[in-house]
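A.B. asks: this is a predicted model, with the sequence first.
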Amino acid sequence: MTDHEQGFDSDPDAVLDPEYDWHGYQFETRQVHAGEQEERNSGARITPIAMTAGYRFDSFADGRDRFSGKADGLIYSRQRNPSGTVAERRITSLEGGTETIVVASGQAAITTALFALAESGERIVSTASIYSGTRILFGRSFARFGVTVDYVWDESDDDEWDRVIRPNTKAIFTETIPNPKNDIVDIEHLARVAARHGIPLVVDNTIATPYLIRPIEYGAAIVVHSATKFLSGHGAGLSGAIVDGGNFDWAGSERSYPMLTEAQSPGVPSVLERHGRTAYARLAREAVVNDMGPALSPFNSFLLHQGIETLSLRMERHLSNSRAIAEWLSEHPRVESVDYSSLPGNPRYELAQRLYGAATGSVFAVTVRGGEDGARRFLDGLRVFSRMTNIGDVRSMALHPATTTHFSFSQELRDRLGISPGLIRLSIGIEGVDDLIADLDAALRRV
Ligand SMILES: Cc1ncc(COP(=O)(O)O)c(C=O)c1O
């Protein structure tokens, strides 16, 4: 019997406890409540921000037992903090995972997720169309740590996957809705490729959010987020998240994941033996986040779990605004093209309908006439949209990737990725759509 049902059967004079286990409730209910913790001292309805670096041990023995894992209590906020725990449980509930770790940024989430899987001398395969910062992270810092990232350009081509995946490839990485081209991938297909090779699929679900798609349901093993974006929603602070799907067979893979499957100290069972379906999350938290230190501050954890409370409402508006704007732009005489998979005629339209009901988020690209000069006039003519780098804020934003996020890329790579001189990335906010269209229209008249 769920707690829900217990309510129906209870003694009519009894005072019922508030619900704290939100399993089985609707997405919209879980986004508001999941993970919240009872605050008995004052009855504060919102879980207070736990501004503390560490936690008092009850005794000598308690300190020892917490460190050895025999007792459950908290140790230090680099591993866990009660404010982070609210955000973690809420995201676990929405993504359908087994455990989440929140970290200081999306880049910290991607680094943590992949460093828990691959080490020096090993490889990761990624789809080619991904956020520029992730490509830079792979090409610079991952390379410096000896982890090589290979790219697949046509993710529908099984032969290309089979050529690129090598015996020491430890993960496949992709984005559900890639930034900035909105060239969505078929994650169901990628999960099949990953399963065939016995490799976990790691999916950056930042732009889609669990409101639109839950990659674990399609076979992804791990989900990461720049929670700075839609999850927090208001552009006020950075955060990131790593979700363990709890569904990958670490011991059964032909590839070795020794940090999970082998004992790391004499006499102590492996992480997998101790933690089962949350083993990957435990490894990421205890061996990567704890060592490297990208902990999320309690204040930003609060911004994150409070932001999530309105996720579905914001997403509905982001999506309806985006659809109207993409359609309007695609008819505009000063626009060359719109990269939004949900527009009829887009090569990924069928996939957009199948996976997203033709609502592929609110970050997409528009190419204006006149190349870089056209892009400059357009951007400088915007007054409601902000010229800035960020996405997933309630505010609308525009950016010229070729001269900003992608400026350090070679011309050849920019061409291959389709980052042309006239291309602008838009992140559509939740303002009134007529005001947004009027702003775009005024700016386009200058092109
Ligand atoms: C899809 C995607 N993943 C990851 C990141 C990195 O996130 P953060 O800026 O929070 O480090 C971004 C940032 O724009 C992004 O768009």
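C.D. replies: Cool, got the structure.
A.B. asks: what is the neighbour count of whatever residue of the stretch 101-250 of the chain ends up closest to the ligand?
C.D. replies: At 2.2 Å from the ligand, residue 106 is the closest residue in the stretch 101-250 of the chain, using CB to the nearest ligand atom. For every residue, glycine as well, the C-beta is placed using N, CA and C. Residues lying near residue 106 (other CB atoms under 10 Å) number 23.
A.B. asks: got it, and the one 3 residues further on?
C.D. replies: Counted with other CB under 10 Å, the burial measure for residue 109 works out to 32 neighbours.
A.B. asks: verify the stated contact: it with residue 100.
C.D. replies: No - with contact defined as CB atoms under 8 Å, residue 109 does not count as touching residue 100 (10.0 Å).
A.B. asks: who in this protein is up against the ligand?
C.D. replies: 105-107, 131, 133-134, 175, 179, 204, 206-207, 226, 228, 238, 240, 391 (CB under 6 Å from any ligand atom).
A.B. asks: give me that answer again for 8 Å
C.D. replies: When proximity is defined as CB under 8 Å from any ligand atom, the chain approaches the ligand at 105-110, 130-131, 133-134, 175, 178-179, 204, 206-207, 224-229, 238-240, 363, 389-392.
A.B. asks: got a ChimeraX select line for the buried ones in these?
C.D. replies: Buried residues within the residues of the chain next to the ligand, by 16 or more other CB atoms under 10 Å, are selected in ChimeraX with:
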select :105,106,107,108,109,110,130,131,133,134,175,178,179,204,206,207,224,225,226,227,228,229,238,239,240,363,391,392
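A.B. asks: among the residues of the chain next to the ligand, which ones are in strands?
C.D. replies: 175, 204, 224-226, 240, 363 (DSSP state E).
A.B. asks: following the longest helix along the chain, which helix or strand comes up?
C.D. replies: Secondary structure assigned by DSSP state H gives helix 311-330 as the longest helix of the chain. Downstream of helix 311-330, the first helix or strand assigned by DSSP states H and E is strand 335-339.
A.B. asks: reformat the ones in strands among the residues of the chain next to the ligand as JSON lines; add pLDDT.
C.D. replies: JSON lines is the format used below for those (pLDDT from 0 to 100):
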{"residue": "175", "pLDDT": "98"}
{"residue": "204", "pLDDT": "98"}
{"residue": "224", "pLDDT": "99"}
{"residue": "225", "pLDDT": "98"}
{"residue": "226", "pLDDT": "98"}
{"residue": "240", "pLDDT": "99"}
{"residue": "363", "pLDDT": "98"}
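A.B. asks: nearest to residue 83 among the residues you listed?
C.D. replies: residue 240 (15.1 Å; CB to CB).
A.B. asks: contacting residues around the closest one?
C.D. replies: 102-110, 224-228, 294, 296 (CB atoms under 8 Å, 6 or more residues apart in numbering).
A.B. asks: burial count for residue 418?
C.D. replies: Count around residue 418 with other CB under 10 Å applied: 15.
A.B. asks: contact partners for it?
C.D. replies: Taking CB under 8 Å, 6+ apart as the test, what residue 418 contacts is 181, 339.
A.B. asks: shared neighbours, residue 109 and residue 100?
C.D. replies: Residues touching both residue 109 and residue 100 (CB under 8 Å, 6+ apart): 241-242.
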